[in-house]
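S.K.: Would you be able to build a 3D model of this:
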Amino acid sequence: MPAVSKGDGMRGLAVFISDIRNCKSKEAEIKRINKELANIRSKFKGDKALDGYSKKKYVCKLLFIFLLGHDIDFGHMEAVNLLSSNRYTEKQIGYLFISVLVNSNSELIRLINNAIKNDLASRNPTFMGLALHCIANVGSREMAEAFAGEIPKILVAGDTMDSVKQSAALCLLRLYRTSPDFVPMGDWTSRVVHLLNDQHLGVVTAATSLITTLAQKNPEEFKTSVSLAVSRLSRIVTSASTDLQDYTYYFVPAPWLSVKLLRLLQCYPPPEDAAVRGRLTECLETILNKAQEPPKSKKVQHSNAKNAVLFEAISLIIHHDSEPNLLVRACNQLGQFLQHRETNLRYLALESMCTLASSEFSHEAVKTHIETVINALKTERDVSVRQRAVDLLYAMCDRSNAQQIVAEMLNYLETADYSIREEIVLKVAILAEKYAVDYTWYVDTILNLIRIAGDYVSEEVWYRVIQIVINRDDVQGYAAKTVFEALQAPACHENLVKVGGYILGEFGNLIAGDPRSSPLIQFNLLHSKFHLCSVPTRALLLSTYIKFVNLFPEIKTTIQDVLRSDSQLKNADVELQQRAVEYLRLSTIASTDILATVLEEMPPFPERESSILAKLKKKKGPGTVTDLEEIKKERNSDVNGGTESTPVNASTVSTPSPSADLLGLGAAPLTSSAPPPSSTGSLLVDVFSDSASVVAPLAPGSEDNFASPDLASSEVVSEEPADTVHDADELIHKFVCKNNGVLFENQLLQIGLKSEFRQNLGRMFIFYGNKTSTQFLNFTPTLICSDELQSSLNLQTKPVDPTVDGGAQVQQVVNIECISDFMEAPILNIQFRYGGTFQNISVKLPITLNKFFQPTEMASQDFFQRWKQLSNPQQEMQNIFKAKHPMDTEITKAKIIGFGSALLEEVDPNPANFVGAGIIHTKTTQIGCLLRLEPNLQAQMYRLTLRTSKETVSQRLCELLSEQF
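M.R.: Predicted coordinates for the structure are as follows:
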């Protein structure tokens, strides 16, 4: 870098900044700034040409004024002129001004790009560094398009200086993150991998960041980086702190580079080469050994750097999940941190041990720390650490310690923070069911749960108790006796009344022989709670009363008197009134046989996945500790069946729930009308036929469509999937005008879709086909939505079998509800193990806004009248584009109809044009849409105009439809 002489200080700038600081009021500051702006404007417009120093000084003043929060509308051209200067300080200020003030749509962008190209070609390392920094700071698509092809050449050129290589690598990383489609893969990719062997550790650090990001999308292109990363890591961890003096941080050699290399290795499975694998194992053992050594410094920076490398190494050990010795050692090391005085270390240790608990090699080692974790739950002051302790107890639970862990969780629940009580309730309910040897213990646990934290017991929990009691004859009498005793408490939570009402209505006869729980006493006990309950619970109790008429004819008159009372027959709530009237008539006119048939005991429910587990996954999001029990390979046979159905009978309130099963898929009849599609035989045979047996027709307007509240929602988290989304935009565009087809296919897996939509609801069948002859294990598809998309799209899924046999196909149902208009698509992430190797695939699910289009027929006059009403510039979106496919009239018509709008004939004066109309249906609003497509056969061009009442809808529909022609 050229030396900066003392004369380069800008006295005028220093005086101006001093004046601003000395202003006593906002008005005085604005007055001084306006005076300076007028002076600068006059200097720029003056006849006398300004020298480079003056331009630099005035541009600096403008930059300072902008950073104070004032608008700057001139000076951009002078800043661009500074880029052509040969003085470092002038060029630096020009680039700084452009990086901060010039946007990507500026008319000056071409001049700026030319100046940057000149500096990149100058081979002056200082100027090249300034240009690369500017490209990275702006990072726009225009910059990526202009320079993404040049920067890789600079990066791998033999004569490029180390400082420029660093800048080039980080600049390319920035462009790849903002515009990956403009960064071409080519010969340079194999050469950039070899930068891991560069002598300059700064270059290696920058290159590692770039390779890690690129490898997540293109693992095959960069798989040679594994051996080089292991080699470099080995040299770092075995070196003394004096060997890498410039990169040693508080006696820890190159901690940032070590962390980056360990993260790069997490993009790949364990190395196949035995030598490389052995060397990596040595590195990890060395890192674990160093963690046991006494600290070389008492400063916090030393321990932070040392622990950063250690935790990243443990993450790699967990990711590989193949070395029992390392896994146990990692667990023991984390166990030492559980009682560390540093809160952050305790938190990280608990979080990492949650993941270790899922490994067959380290699960037993994790369990040895149960007392320490329970103590942390009781004594830890930080709520986030306590929450991680709950997660770890949940992850380490198995049949041997379930009762101890559930008891501790229940004890903690009484004093737990309100923010995590619902999650603890769900975990206790799952563990109690999953590891129940004696179901009387399960019933006691759940009733205790309702007593301690009734407000946090969701519907899924008490539904599940009822399902298990109904499906297990051996626990029905005990359950009836226990809830009867619990209801005798002066103050009962409403959820306990619901459970008691349901169970006594079904099995009250099992305890009626005891004089202390005679039929009349049971009825009086329930009815004493009636006036304290909400309308849904009262409706359930009325259903219990009519069940009592069948079970206990001796109290029929008493129950009829209650049903006949004005408070029931003339109730303001129509649901209660209707039940009272119908139940009274049923008990009056029906014979004993008819009553016995209508009100017979509920049959066992068909088995499905526990909705409590589904709710917990929804609450925590994918990829968290709540998914761990899905991948506990060795303990699959050590748990109770975790399947269920929802209790839907006369005792269930019929009020529809908008968050429930949107299209009735969950309300499976007790006797299936058709056998399920076979999962064996020819792969994906007739998946995309129009057979009614594959996709049942929608039934809008039926309350039964909302009868089942047990479907798992797959909304998530704000986090993006770890891997890269395959050909995202191409796949989305492929399905814009059709609903069926193959979404993704590689040598292992084929994913097919069949879907249908009506108004704001939709249903999609996803078919996963195993193309190999080997089983897929721990097969876990997860839907991932951004925070913004979660508020616009409600997605609910049914679970799939975690094992997919070779040559077999499994099916998953996704129920879709459009809440409001949206721009992006959800991501389907599939994780499974194939032949011992972990596979991670992500594709965008083609749920686009036009799927909720309902066609609308309009006459010519009505169309143009509405067209004129939508004349605001914000309501119209127009795109003129080159035809990508042959301009065939019939195909164009089919695509417009497939897009969802009605094709209006004889509306446009020009018969060659296409006109469409429709309504986008969302839960919150309906948005009218008009479109006009004008083809130009001679120029092979189209003009598409879309007008809607909402700007974002016009923009999104125009983007989607433009890609179809």
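S.K.: for the stretch 501-650 of the chain, what are the low-confidence residue spans?
M.R.: The model of the stretch 501-650 of the chain has pLDDT under 70 over residues 607-650.
S.K.: Would you mind splitting this structure into its domains for me?
M.R.: Following the TED database, the chain resolves into domains at 223-318, 321-396, 727-847, 850-963.
S.K.: For L595, which of these is the nearest?
M.R.: domain 727-847 (36.1 Å; CB to CB). (C-beta placed from N, C-alpha, C; glycine too.)
S.K.: average model confidence for the closest one?
M.R.: Per-residue pLDDT over domain 727-847 has a mean of 84.
S.K.: mind giving me a markdown table with the domains of the chain and columns for mean neighbour count and distance to T482?
M.R.: Written out in a markdown table, the entries for those read as follows (neighbours: other CB atoms under 10 Å; distance: least, CB to CB, whole Å):
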| stretch | mean neighbour count | distance to T482 |
| --- | --- | --- |
| domain 223-318 | 18 | 42 |
| domain 321-396 | 19 | 25 |
| domain 727-847 | 19 | 31 |
| domain 850-963 | 17 | 41 |
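S.K.: got a markdown table for those domains, with distance to A131 too?
M.R.: Output for these, formatted as a markdown table (distance: least, CB to CB, whole Å):
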| stretch | distance to A131 |
| --- | --- |
| domain 223-318 | 25 |
| domain 321-396 | 40 |
| domain 727-847 | 30 |
| domain 850-963 | 33 |
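S.K.: out of those domains, nearest to V461?
M.R.: domain 321-396 (15.4 Å).
S.K.: Can you get me the start-to-end distance on that closest one?
M.R.: 17 Å (CA to CA, to the nearest Å).
S.K.: Stretch 943-960 too?
M.R.: End-to-end distance of stretch 943-960: 14 Å, with CA to CA as the criterion.
S.K.: which secondary structure elements does the helix or strand S842 falls within contact?
M.R.: S842 belongs to strand 837-844 when assigned by DSSP states H and E. Based on contacts counted as 3 or more CB pairs under 8 Å, 6 or more residues apart in numbering; DSSP states H and E, the elements that strand 837-844 packs against are helix 728-734, strand 741-745, strand 749-758, strand 827-834.
S.K.: how far is that strand from where the chain is centred?
M.R.: In terms of CA atoms, centre = their mean, to the nearest Å, the gap separating the centre of strand 837-844 from the centre of its chain is 15 Å.
S.K.: what about dumping the CA coordinates of it to CSV?
M.R.: Taking C-alpha atoms only, strand 837-844 is exported to CSV below (Å, rounded to 0.1, in the frame of the first residue of the first chain):
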residue,chain,number,x,y,z
THR,A,837,-24.4,-42.9,5.0
PHE,A,838,-26.5,-39.9,6.1
GLN,A,839,-28.4,-38.4,3.1
ASN,A,840,-29.9,-34.8,3.2
ILE,A,841,-32.0,-33.5,0.3
SER,A,842,-34.0,-30.3,0.0
VAL,A,843,-36.3,-29.2,-2.7
LYS,A,844,-38.8,-26.4,-3.0
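S.K.: Tell me the first helix or strand C-terminal of that strand.
M.R.: Tracing the chain C-terminally past strand 837-844 and defining elements by DSSP H and E, one meets strand 853-855 next.
S.K.: Mind giving me the packing neighbours of the helix or strand that comes right after that following strand?
M.R.: Note on strand 853-855: by DSSP H and E, the next helix or strand toward the C-terminus is helix 860-869. Contacts of helix 860-869 with other secondary structure elements, assessed using 3+ CB pairs under 8 Å, 6+ apart, are made with strand 914-921, strand 926-936.
S.K.: what would the ones you listed look like in TSV with distance to R141 and mean pLDDT?
M.R.: Rendered in TSV, the data for the helices and strands packed on helix 860-869 read as follows (distance: least, CB to CB, whole Å; pLDDT from 0 to 100):
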stretch	distance to R141	mean pLDDT
strand 914-921	28	89
strand 926-936	27	88
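S.K.: Verify the stated contact: E857 with L903.
M.R.: No - judged on CB atoms under 8 Å, E857 makes no contact with L903 at a distance of 9.6 Å.
S.K.: And stretch 79-96, end to end?
M.R.: By CA to CA, the extent of stretch 79-96 from end to end equals 9 Å.
S.K.: now what about that stretch, what contacts it?
M.R.: 1-2, 4, 8, 52-53, 55-56, 59-60, 63, 97-98, 101-102, 108, 111-112, 115-116, 118-119, 126-127, 130-131, 133-134 (CB atoms under 8 Å, 6 or more residues apart in numbering).
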